[in-house]
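>>> Got a predicted structure plus its sequence, pasted below:
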Amino acid sequence: MADEPKDKPIWPVQDQIAAYLRDGILNGDFPPDKPLPSSRRITEKFGAAAQTIKNAMEILEREGLVYTRRGAGIYARPHRQRTMTPAEYKNPPTDGGKYQWITAAERKGFAGRSELLDVEEVVPPYLVREAFGLGEEDTAILRRQVLYLDDEPCELVEVYFPLDLAGGTPIAERRRIKGGAGRVLAEAGLPTLRCVDKVAARWPTPQQQKALKMPTKLPVLRQFRVTYSVDDRPIQAQVMTKAGHLYELEYEF
């Protein structure tokens, strides 16, 4: 039996079609409220049957990227991909007021809010233990919350704090903190001085998929941030997860 071509795609054809159209919609190649490429063109490009193309369109419809006009075909929706600028959100509010990301969202016409899910003492994942210099069984304080824009979940945030800094403070209590945990640390003489971000694309965990209400099998953007204070001491580590088809990150150098 002959070997399969090394460059043969391994995705099902319906996923290949959905990925091609999704990329065009999000990049602006297929403008909002304009018809997508015809079934004939898609068939020529992918060699796909009518049912396969229909399956691809159903995937994109569940993601909120396309809609059907009876008798006129499939059209691209005005997509909701939003640009986030993480470097602007690193510091706590100076007046104990709104977080910077909420203020930034309001300037763009969106309503932002957060929902606190958990506050607990846990053995953190390896990357957090490495950042804090913890042993395999050492614990840290975890605060987990979901951020919303216009009542849609936009980010699952898991923030870890060294136990010797957060234990016995409002950070360890299961309640919201005016001005955020960063304010508590700043008032203790540990202001945010430096952040290091690592961003990767991952398949979501079941918890992330549920919290973000992911409509189909889509990747998420996973942003791992370590925050440093006086004497370059790590004071918190965050895992921030966003839906990859709705958000992009912007950094200015």
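Sure, I can see it. Numbers count the residues shown, from 1 in each chain.
>>> show me where pLDDT drops low in this protein?
Applying pLDDT under 70 to the chain picks out residues 1-9, 80, 90-98.
>>> Can you show me the strands along it?
Assigned by DSSP state E, the strands in the chain fall at 66-69, 73-76, 82-84, 112-122, 140-149, 152-162, 194-202, 220-228, 234-243, 247-249.
>>> So which elements touch the first one?
Using 3 or more Cβ pairs under 8 Å, 6 or more residues apart in numbering; DSSP states H and E as the contact criterion, the elements in contact with strand 66-69 are helix 50-62, strand 73-76. Where you see a C-beta, it was placed from the backbone N, CA and C, and this is true even at glycine.
>>> out of the ones you listed, which comes closest to Gln207?
helix 50-62 (20.5 Å; Cβ to Cβ).
>>> how about that closest one: buried residues?
52-53, 55-57, 59-61 (16 or more other Cβ atoms under 10 Å).
>>> Next: stretch 25-33.
Residues of stretch 25-33 classed as buried: 25-26, 30 (neighbour count, 16+ other Cβ under 10 Å).
>>> contacts for that stretch?
For stretch 25-33, contacts defined as Cβ atoms under 8 Å, 6 or more residues apart in numbering pick out 21, 23-24, 36-37, 60, 65-66, 75-79, 81, 245.
>>> could you flag which of those residues are buried?
Among those, the ones that count as buried by 16+ other Cβ under 10 Å are 21, 24, 36-37, 60, 65-66, 75-76, 79, 245.
>>> Could you tell me which helix of the chain is the longest one?
For the chain, the longest helix by residue count, based on DSSP state H, is helix 13-27.
>>> Just want the angle from that one to helix 50-62.
40 degrees (axes from the mean of the first three to the mean of the last three Cα atoms, to 10 degrees).
>>> Just the buried positions in stretch 137-155, please.
Residues 139-149, 153-155 are the ones in stretch 137-155 that count as buried (16+ other Cβ under 10 Å).
>>> Check stretch 181-201 too.
181-186, 190-192, 195.
>>> Pick out the most distant pair among these.
Val184 and Cys195 (17.3 Å).
>>> Spatially, which two of the contacts of stretch 25-33 are the most separated?
Top of the distance list for the contacts of stretch 25-33 (Cβ to Cβ): Pro37 and Gln81, 20.0 Å.
>>> quick one on the thing from earlier: between the buried residues of stretch 25-33, which is closest to Arg129?
Among the buried residues of stretch 25-33, Leu26 lies closest to Arg129 (Cβ to Cβ), at 35.8 Å.
>>> if I look at that closest one, how far off is Lys108?
18 Å (Cβ to Cβ, to the nearest Å).
>>> hang on, the earlier thing: let me have the strands of the chain in CSV, extended by distance to Lys210.
As requested, the strands of the chain are exported to CSV (distance: least, Cβ to Cβ, whole Å):
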stretch, distance to Lys210
strand 66-69, 24
strand 73-76, 28
strand 82-84, 21
strand 112-122, 11
strand 140-149, 10
strand 152-162, 9
strand 194-202, 15
strand 220-228, 12
strand 234-243, 12
strand 247-249, 18
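>>> So which of those is nearest Thr103?
Comparing those by Cβ to Cβ, strand 112-122 comes nearest, at 8.2 Å.
>>> The closest one: which residues count as buried?
112, 114, 119.
>>> Serialize those to JSON lines and add fields for distance to Phe132.
Formatted as JSON lines, those follow (distance: Cβ to Cβ, whole Å):
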{"residue": "Gly112", "distance to Phe132": "29"}
{"residue": "Ser114", "distance to Phe132": "24"}
{"residue": "Val119", "distance to Phe132": "18"}
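>>> Out of the residues you listed, the closest to Arg225 would be?
Within those, distances to Arg225 taken as Cβ to Cβ reach their minimum at Ser114, with 16.6 Å.
>>> Hmm, Arg143 and the closest one touching each other?
No. Contact criterion Cβ atoms under 8 Å: Ser114 and Arg143 do not qualify, at 10.5 Å.
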